[in-house]
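Visitor: Please find the sequence and the predicted model below.
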Amino acid sequence: MKSRLKIVQIMVFSTAFLSLGPWVNAADLDVTNFGNETPSTNDLIEALVTEPTMRTRSISSSEPAKKRSVSLGIQFKYGSYELTESAQNVLNRLGGALASPQLSEHMFMIEGHTDAIGSSEYNQGLSEKRAMSVKNYLVNVFAIEPSRLEQVGRGESALLDEADPSNSVNRRVQIINLAQ
């Protein structure tokens with residue numbers, strides 16, 4: 001029975017992921033930006049938990065619910081995908097949140113972002129490796145099911161500070177709850 005549930009979860013996740021295309025549209029996100037702060041596990045749970053959809057017969061919203069997301073300043077060594085000690089501290093709290101009963105059944109997208117220093121190709125590859133580092137840490141340290149986590153690199157395509165493309169705020173990892 002448990003394996004059947006896992007297969008259904010993977011199928012649902014795959015369908016949800018494919019319908020999103022290679023990127024999640026930023027306009028479809030409700031983002032809590034923690035910047036370089038280290039949020040508590042409870043802060044992360046509150047920011048990522050989806051609100052139950054209220055349905056009524058006479059009222060319907062034309063706008064779909066936004067996906068809950070957190071933007072975290074997870075630090076890497078310069079030009080590297082190796083997690084720093086401060087990154088591991090943030091990921092320890094994130095791992096606790098993802099393993100919590102409130103989020104344990106949800107699927108998540110891990111997006112890696114870079115600044116605009118270097119070529120677009122280099123930044124794309126680096127962001128992909130950084131997203132994979134985050135996923136591997138969560139899977140290995142917190143035993144998060146790998147099928148619950150999808151990773152993607154966005155390179156320099158979604159800068160937070162477009163006026164200063166080299167600003168460190170652009171180097172981040174975004175976690176998106178794929179539940180609607």
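Guide: Received it, and whenever you're ready, just let me know what you need. All values derive from a computational prediction rather than experimental measurement.

Visitor: low-confidence ranges in this protein?
Guide: Counting by pLDDT under 70, the chain has low-confidence residues at 1-28, 51-64, 180.

Visitor: Apply 90 and report the result again.
Guide: Residue ranges of the chain with pLDDT under 90: 1-39, 43-45, 47-80, 84, 159-161, 167-172, 179-180.

Visitor: Would you state the strands of the chain in chain order?
Guide: Assigned by DSSP state E, the strands in the chain fall at 29-35, 67-72, 108-113, 149-153, 172-177.

Visitor: I'd like the distance from the shortest one to the chain centre, please.
Guide: Looking back up the chat, that one is strand 149-153. What separates the centre of strand 149-153 from the centre of its chain is 8 Å, taken as Cα atoms, centre = their mean, to the nearest Å.

Visitor: Contacts for that strand, please.
Guide: For strand 149-153, contacts defined as Cβ atoms under 8 Å, 6 or more residues apart in numbering pick out 13, 17, 22-23, 107-112, 124-132, 134-135, 138-139, 178. In short, each C-beta sits where N, CA and C put it, glycine included.

Visitor: Pull out the CA atoms of that strand and give them to me as CSV.
Guide: Provided in CSV are the C-alpha atoms of strand 149-153 (Å, rounded to 0.1, in the frame of the first residue of the first chain):
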residue,chain,number,x,y,z
LEU,A,149,12.3,17.6,-4.3
GLU,A,150,12.9,18.8,-7.8
GLN,A,151,15.8,21.1,-8.5
VAL,A,152,16.4,23.6,-11.3
GLY,A,153,19.0,26.2,-12.0
